[in-house]
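*Asks:* Provide a 3D model corresponding to the input given below.
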Amino acid sequence: MAEAEQKLANGAARIDFATDPSRYRHWKLTVDGKVATLALDVDEKAGLFAGYDLKLNSYDLGVDIELADAFERIRFEHPEVRVVVLRSGKPRVFCAGANIRMLAGASHAHKVNFCKFTNETRNAIEDASAGSGVRTICVITGTAAGGGYELALAADHIILVDDGSSSVSLPEVPLLAVLPGTGGLTRITDKRKVRRDRADFFCTTEEGIKGKRAAEWRLVDEITPPSRLEAVIAARARDFAGDAEDQEGAGVALTSLERHLAPDGRDYKYVSVAFDRAARVATITVRGPDSPPPKSAEDMVHQGTAFWPLQVARELDDAILDIRLNELDVAAIVLKSGGEPQAVLDYDVFLDQQARHWLAREIRLKWKRVLKRIDLTSRSLVALVEPGSCFAGTLAEMVFAADRSYMLSGDRGGDNRPPAGIILGEVNLSGTLAMSNGLDRLRTRFLGEPEAYDKARHAIGQVVDARAAEALGLVTFALDEIDWDDEIRLFLEERASFSPDSLTGLEANLRFGGPETMETKIFARLTAWQNWIFQRSNATGEAGALSRYGTGRKPEFDTRRT
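*Replies:* Down below sits the predicted model:
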């Protein structure tokens with residue numbers, strides 16, 4: 001029997017990832033020239049689920065949905081911003097981390113997907129620094145514990161108030177019998193280069209580390225007395241903003257997505273999702289542009305969120321998140337497309353031509369994040385390339401992100417559209433849309449076949465039919481009409497019959513060949529270890545640490561090491 005999920009607060013039927021600053025309950029966003037300030041002031045009574053209070057600036061998924069939205073808006077609506085100051089809106093605590101009552105009552109699936117989303121949000125903070133030049137300063141006053149300190153670790157610079165009580169800690173092991181779920185272990189060793197023995201002490205010490213020692217161990221970048229805090233923040237903001245030139249023109253307002261939600265589907269302008277619940281399959285269809293690209297960067301800005309590459313990226317992102325958190329029984333996601341392939345390539349060429357424009361850059365970075373979101377989604381992914389598909393350039397990345405891909409060879413009876421084809425563009429081989437391993441998807445695909453990568457490069461701009469695509473290694477199988485329906489049906493039936501646990505492990509292992517990076521380490525450790533630990537009785541059993549936290553009763557552990 002499936003594990004029961006907590007009831008959403010206020011009678012909500014589904015988790016919604018759409019929000020805006022007027023609806024924030026937990027963050028306050030202010031912008032002053034090149035500096036934006038995000039203040040965490042959690043509304044205790046505004047938890048995403050019923051049954052717990054968000055005390056001490058602790059957070060749940062709802063808090064992180066707002067944080068992700070805020071950073072997205074800073075990048076698109078305020079291109080003039082060069083520095084983001086993260087700080088607390090409460091006087092004696094920065095953030096106590098993930099809310100323990102929420103974790104204790106959440107289903108296993110929600111805990112894992114919650115950790116995955118928070119990881120993606122912190123990676124996006126680092127991506128803003130690396131890709132957009134938006135640096136983040138985190139100011140810690142009071143306690144930064146667990147996920148609160150992990151949020152700080154995503155910043156470029158951490159300032160800790162040296163007042164005798166403010167501290168940083170990762171107390172999950174001694175207090176909760178779990179691991180830091182948002183990249184803390186990896187960031188202290190790989191990003192901040194904290195010595196292994198010191199990291200061991202730090203991660204097994206409940207009370208955390210303060211002041212001078214925190215700075216000496218590189219757990220923070222600097223400490224300052226409370227009397228100098230505001231002056232230090234202002235000075236660091238000036239340092240990071242530096243002499244960066246102001247971005248030309250105004251930002252683009254991220255207007256609300258238009259969505260039609262039905263029991264068996266979701267419809268946006270360019271994305272549709274259809275659910276076959278009996279087969280446990282969700283089919284996502286992405287539609288190509290219905291008009292040519294604009295004539296100039298000014299026209300692109302004028303179109304704003306209606307500009308096709310930006311709108312379709314936002315819609316696809318929302319659809320993927322909806323399936324992840326609200327459709328837990330879906331076994332496989334079928335990826336389809338429809339439209340004119342050359343029209344997709346025309347938009348890619350336009351973005352290439354406008355590469356120095358801030359909005360073109362941010363759209364490409366948005367697509368990079370969305371495709372990574374697909375890579376990290378624990379569902380079997382299969383791409384179907386059929387007559388009428390528009391898998392070209394950026395949209396072809398969806399084929400290369402899939403675990404399996406099928407392409408129809410020749411015509412299909414009664415279908416007068418041209419035969420299926422794939423078109424590669426420069427974007428597929430430039431590294432612009434690189435995976436978490438730092439390589440583009442085609443280079444990752446052909447790790448052991450460098451000659452295949454070279455052949456693919458020579459095919460840029462050509463319409464590649466099914467047999468040629470199979471020969472080039474761009475799809476898994478090319479099938480004729482006779483075999484098409486049966487082969488797809490058998491694949492989906494087989495996938496739905498396998499253990500979801502083993503599939504999650506299989507897919508997470510196979511999708512990230514090549515170099516190991518901080519991102520791949522974070523997600524590999526989350527999938528392989530946190531996922532396992534969350535199911536162990538030492539953490540979540542009746543006598544486990546999560547279950548007994550705050551009751552005054554000590555947890556009872558199975559002491560055998562496994």
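
*Asks:* so how far is stretch 299-314 off the chain centroid?
*Replies:* Distance, stretch centre to chain centre, for stretch 299-314: 21 Å (CA atoms, centre = their mean, to the nearest Å).

*Asks:* nearest the middle, which residue of this protein would you pick?
*Replies:* Centroid-nearest residue in the chain, with CA atoms, centre = their mean: residue 120, separated by 3.3 Å.

*Asks:* excluding covalently adjacent residues, which one is nearest to that residue?
*Replies:* residue 373 (6.5 Å; CB to CB, 6 or more residues apart in numbering). C-betas here are computed from N, CA, C, even on glycine.

*Asks:* how about the contacts made by the one you found?
*Replies:* 120, 317, 320-321 (CB atoms under 8 Å, 6 or more residues apart in numbering).

*Asks:* what's opposite residue 273 in the beta bridge?
*Replies:* Beta-bridge partners for residue 273, by DSSP bridges, are residue 266, residue 284.

*Asks:* isn't it right next to residue 284, touching?
*Replies:* Yes - contact criterion CB atoms under 8 Å: residue 273 and residue 284 qualify, at 5.4 Å.

*Asks:* so what sits against both of these two?
*Replies:* Shared contacts of residue 273 and residue 284, defined by CB under 8 Å, 6+ apart, are found at residue 319.

*Asks:* more neighbours, these two?
*Replies:* residue 273 (26 against 22; other CB atoms under 10 Å).

*Asks:* what packs against the helix or strand hosting residue 487?
*Replies:* Here residue 487, judged by DSSP states H and E, is contained in helix 481-497. Under the contact definition 3 or more CB pairs under 8 Å, 6 or more residues apart in numbering; DSSP states H and E, helix 481-497 sits against strand 332-338, strand 380-385, strand 404-408.

*Asks:* can you pull the contacts of the residue nearest to the centre of the chain?
*Replies:* Contacts of residue 120 (CB under 8 Å, 6+ apart): 68, 369, 372-373, 376.

*Asks:* tell me which of those residues fall in helices.
*Replies:* The helices, defined by DSSP state H, take in 68, 369, 372-373 from the contacts of residue 120.

*Asks:* of all pairs in these, which one is the farthest apart?
*Replies:* 68 and 372 (13.4 Å; CB to CB).

*Asks:* from residue 51, how far off is the residue lying closest to residue 154 once chain neighbours are set aside?
*Replies:* Excluding the flanking residues, the one nearest residue 154 by CB to CB, 6+ apart is residue 122, at 3.8 Å. Distance of residue 122 to residue 51, given as CB to CB, to the nearest Å: 26 Å.

*Asks:* who has more neighbours out of those two?
*Replies:* Under the criterion of other CB under 10 Å, the comparison of residue 122 against residue 51 puts residue 122 first, with 26 against 12.

*Asks:* pLDDT score for the more buried one?
*Replies:* We have a pLDDT of 97 for residue 122.

*Asks:* tell me if I'm right that it and residue 183 touch.
*Replies:* Yes - with contact defined as CB under 8 Å, residue 122 counts as touching residue 183 (6.1 Å).

*Asks:* who touches both of the two?
*Replies:* With CB under 8 Å, 6+ apart as the test, residue 122 and residue 183 both reach 150, 153-154.

*Asks:* so what touches stretch 60-69?
*Replies:* 15, 17, 19-20, 24-27, 38, 40, 42, 46-49, 52, 54, 98-99, 102, 110, 114, 117-118, 120-121, 124, 325.

*Asks:* can you tell me the closest non-neighbouring residue to residue 372?
*Replies:* Per CB to CB, 6+ apart, closest to residue 372 is residue 436, 5.9 Å.

*Asks:* which ones are touching the closest residue to residue 252 other than its chain neighbours?
*Replies:* Excluding the flanking residues, the one nearest residue 252 by CB to CB, 6+ apart is residue 304, at 4.5 Å. Residue 304 is in contact with 252-253, 255, 310, counting by CB under 8 Å, 6+ apart.
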